[in-house]
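Asker: Sharing a model that was predicted from the sequence below.
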2 protein chains.
Amino acid sequence: MAKTSTPKGFRDFNPLETSRRKYIFNTIESVFQLYAYHAIETPAMENLSTLTGKYGEEGDKLLFKVLNSGDYLSKLGEDELISRHSSRLTPKIADKGLRYDLTVPFARYVVEHQHEITFPFKRYQIQPVWRADRPQKGRYREFYQCDVDVIGSDSLLNEVELIQIISDVFGKLGVEVTIKLNNRKLLLGIVEAIGESDKFIDITVAIDKLDKIGIENVVLELEKKELKTEAIEKLKSVLSDQSESNSSRIELVKKLAGHTENGQKGVEEIESIIQSLEQLKLESSVKTDLTLARGLNYYTGAIFEVVANDVQIGSICGGGRYDDLTGIFGLKDVSGVGISFGADRIYDVLQELNLFPEEKESATQLFFVNFGEKEAAFCLPLLQEVRKAGVSCELYPSAAKMKKQMSYADKLNIPYVLMIGEEEMNTGLFTLKNMQSGEQKKLNLSEIINEIKAE
Amino acid sequence: MAKTSTPKGFRDFNPLETSRRKYIFNTIESVFQLYAYHAIETPAMENLSTLTGKYGEEGDKLLFKVLNSGDYLSKLGEDELISRHSSRLTPKIADKGLRYDLTVPFARYVVEHQHEITFPFKRYQIQPVWRADRPQKGRYREFYQCDVDVIGSDSLLNEVELIQIISDVFGKLGVEVTIKLNNRKLLLGIVEAIGESDKFIDITVAIDKLDKIGIENVVLELEKKELKTEAIEKLKSVLSDQSESNSSRIELVKKLAGHTENGQKGVEEIESIIQSLEQLKLESSVKTDLTLARGLNYYTGAIFEVVANDVQIGSICGGGRYDDLTGIFGLKDVSGVGISFGADRIYDVLQELNLFPEEKESATQLFFVNFGEKEAAFCLPLLQEVRKAGVSCELYPSAAKMKKQMSYADKLNIPYVLMIGEEEMNTGLFTLKNMQSGEQKKLNLSEIINEIKAE
């Protein structure tokens, strides 16, 4: 017999989960639209040549590859078959792969459609992505990203706008967050100022772990990478900084790296952003964080990361500026900046904090009891009336026992039940039961519609 | 350099296309919800054992298979590798496949979650499916299905409800359609009545082509299948029937096959449905059609198919009753009935008939011209106010030339442009330009918001 489970790392969503997910997507989308971003969609599959090499060696391994159709083995040589070299054979039997994120497909989209696009292009995209990661708690092989990017503008007003979007989204969802802000140029400036420019990647990788492993272990890691003692000391002053305000943290980096070109530019950028945020009274939710590096190498300016204040779950949104994302596809010098909301982690946060709105639990507002063929026939046009008024309703499809029907309405959390039997058919007054209070009333149809809509 | 195109048969959707697609999905979904159906989602990937054998031999070939991760070749024997037998090797290197439709994953879902589900289970599901079909005009390798099913109830009220849903969806979309209705039992009865029960499949396959190849060719095909002349003559009376009304068409089949068990049951069912439709004043849009067979073998009762009256594009919605869909997954005797809307074809119909609402073309309502750093800073809190009022707006991110900014607003079809320069900053009266009429007015912010919201 066929298996009846989903593959490992993949999930079904039942009606409650689906409606809660929709609530998250709709909230995020409504904010994106208020800020005048436009939705696009790209296909689930891309050519593997579009995807490979964009996510590092580890990322390439995590790409789901789709087997070519037809007789895909026929053209392979005997030697390469017998060699059993899976990763060398893969490109010959699989041309396509599943979307790993929304950023690379977006870059491909921009290059492909550059002549139809009006720049700056403000786009959003809410679609699933797939990664052949080892499944574990909170990590799935299929999950949604909600991306919003501006491409074709290097104005820092875009960075400010993205922070406003973050603030509005989590404000609407009721989640208190800290928006961490850094700038890749500050990191470059610091590394230059301490005389270790050639170890930039090693240093950012190490300090990115500060939260997880603590300062002593970061220092150990830097020593292993043979950083000069003096350089490490200077770095420590940044890493151990306990300043309370954005301005004092910026002052620190100014002193350390303000004389380097990158440091100066980075300070200018972050100060300009903070100034706009002050004007918008948003500064307090943003925390400049010089240890924020994020893995992705294509960031060149601002870097964002958002954490929930009351749930330990890691980053629930992140992004940054990339000066040359489309370069890999042949379109140079198009600067972009964007962020990505992790809908699945946001779901977990809302659940843990009990923040889902209650009305999401039942979509159906009115249940018609089915007393028999004649009564059901009488009800059909009434249901039509109720729906015309925008009220979601249903008639039980058979004249099952009252207890069974009431239990159905109850399990589905339907707030109102309508009973129309012989007597009600004669008088035109129908018995409406409020399932929460237990109260019953006799009303005509338009009174019933009004009562339900008033709720 | 990396390829910059989508794979063959896959499509990008630009903002206009995406918002039009959303319009279709939202319309369909709003109707599903009014009828008290609940959304579920299943993963893009299923175990291949769940999918194979469910869509016929041809369907198995059209499944997209996903290559296993890691060193998938290591366990294969030399002989099976050298044999280059692609279809025999596939199950050993690919465990998973992409969703081919929403019906089989739904059946799998029902069996897996049977103990959490309250039956009858009214579910809808709007998700993409993938088929490795040869791409051609109007046929894509990734397309959306919008499915709505009731499972766990054999009441014919469900069939009536699905017809109401079809009628409401296309009513809202403004498309005039014909809903074709048949019943698999009538087909069984007719075939039995003409004494050719063992040729049921051959006969339904042939008459299903009536629209395309005409009655003479159907007869030729039946002759090739060695049907008796007398049987063919009887069938011809059904195939050439030109009756105008549902009742006379039903009368015909009653005469021919009413004495068989299947024929009698089929007539009862279709008459009961028609009777309810008369009560709902929906009979005129439904046409009983004894030649409607549809390919899928799991239908056991009603069969639906919807065509647009004014566009030749084939079926835009279809479905039927299946008495034992979950049987393949080990759950017997659960009857279901459902339909599937083909969103991509509906898109083509709306486009051809010019039925997309105009307001879908631009989401942004108000554009702020950027006159410089000081003016932009002044505008930031105003934008916040405007968005708080629910009006979508944006500020051009840099103080580019006026002509460039206006051309941007124009290309994006933004209806209003706001100009705030030195003078406007002093007076608090801002210049609002209606982009369609060209009219300009000086207004304060709340007047501006009211003007735009009044539109």
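Answerer: The structure has been received and is ready for your questions. Since the model is a prediction, treat every value here as computed from it, not as a measurement. Residues are numbered from 1 along each chain as shown, chains lettered A, B, ... in the order given.
Asker: What does the pLDDT read for A:Ser285?
Answerer: With respect to pLDDT, A:Ser285 has a value of 89.
Asker: ditto for A:Asp324
Answerer: Reported pLDDT for A:Asp324: 86.
Asker: quick one: contacts for it?
Answerer: A:298, A:300, A:332-335 (C-beta atoms under 8 Å, 6 or more residues apart in numbering or on different chains). (Glycine included, C-beta is placed from N, CA and C.)
Asker: repeat that with 10 Å
Answerer: Contact analysis of A:Asp324 by C-beta atoms under 10 Å, 6 or more residues apart in numbering or on different chains lists A:107, A:298, A:300, A:331-336.
Asker: Just the buried subset of these, written out for PyMOL, thanks.
Answerer: Selection of buried members from those for PyMOL, criterion 16 or more other C-beta atoms under 10 Å in any protein chain shown:
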select buried, chain A and resi 107+298+300+331+334+335+336
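Asker: Report the entries of the contacts of A:Asp324 that also contact chain B.
Answerer: Subset of the contacts of A:Asp324 in contact with chain B: A:107, A:331, counting by C-beta under 10 Å from any C-beta of the partner chain.
Asker: For the contacts of A:Asp324, name the two members farthest from one another.
Answerer: Spatial extent of these (C-beta to C-beta) is set by the pair A:Thr300 and A:Leu331 at 15.9 Å.
Asker: residues in the stretch 151-300 of chain A within reach of chain B, list them.
Answerer: Residues of the stretch 151-300 of chain A lying close to chain B by C-beta under 10 Å from any C-beta are A:152-161, A:164, A:168, A:272, A:275-277, A:279-282.
Asker: Give me the buried positions along the helix or strand that contains A:Ser167.
Answerer: Assigned by DSSP states H and E, A:Ser167 belongs to helix A:157-173. By neighbour count with 16+ other C-beta under 10 Å, helix A:157-173 contains the buried residues A:157-170, A:173.
Asker: C-alpha coordinates for stretch A:416-435, PDB please?
Answerer: Only the C-alpha atoms of stretch A:416-435 are listed here, as PDB (Å, rounded to 0.1, in the frame of the first residue of the first chain):
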ATOM      1  CA  TYR A 416     -24.500  30.500  15.300                       C
ATOM      2  CA  VAL A 417     -26.800  27.600  14.600                       C
ATOM      3  CA  LEU A 418     -30.100  28.000  12.800                       C
ATOM      4  CA  MET A 419     -33.000  25.600  13.200                       C
ATOM      5  CA  ILE A 420     -35.800  25.500  10.600                       C
ATOM      6  CA  GLY A 421     -38.300  22.800  11.100                       C
ATOM      7  CA  GLU A 422     -42.000  22.400  10.200                       C
ATOM      8  CA  GLU A 423     -43.100  25.200  12.500                       C
ATOM      9  CA  GLU A 424     -40.500  27.700  11.500                       C
ATOM     10  CA  MET A 425     -41.300  27.000   7.800                       C
ATOM     11  CA  ASN A 426     -44.900  28.000   8.500                       C
ATOM     12  CA  THR A 427     -44.200  31.200  10.500                       C
ATOM     13  CA  GLY A 428     -41.100  32.500   8.700                       C
ATOM     14  CA  LEU A 429     -39.500  33.000  12.200                       C
ATOM     15  CA  PHE A 430     -36.400  30.800  12.600                       C
ATOM     16  CA  THR A 431     -34.700  29.600  15.800                       C
ATOM     17  CA  LEU A 432     -31.200  31.100  16.000                       C
ATOM     18  CA  LYS A 433     -28.900  29.700  18.700                       C
ATOM     19  CA  ASN A 434     -25.800  31.500  19.900                       C
ATOM     20  CA  MET A 435     -23.400  28.700  20.500                       C
END
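Asker: Give me the distance between it and the centre of its chain.
Answerer: 46 Å (C-alpha atoms, centre = their mean, to the nearest Å).
Asker: Sort out which residues of that stretch are buried, please.
Answerer: Neighbour counts over stretch A:416-435 (16+ other C-beta under 10 Å) mark A:416-420, A:424, A:429-433, A:435 as buried.
Asker: can you map out the strands along the stretch 251-400 of chain A?
Answerer: With DSSP state E, counting those that start in this stretch as the definition, the stretch 251-400 of chain A shows strands at residue ranges A:286-288, A:302-308, A:315-322, A:336-342, A:366-368, A:393-395.
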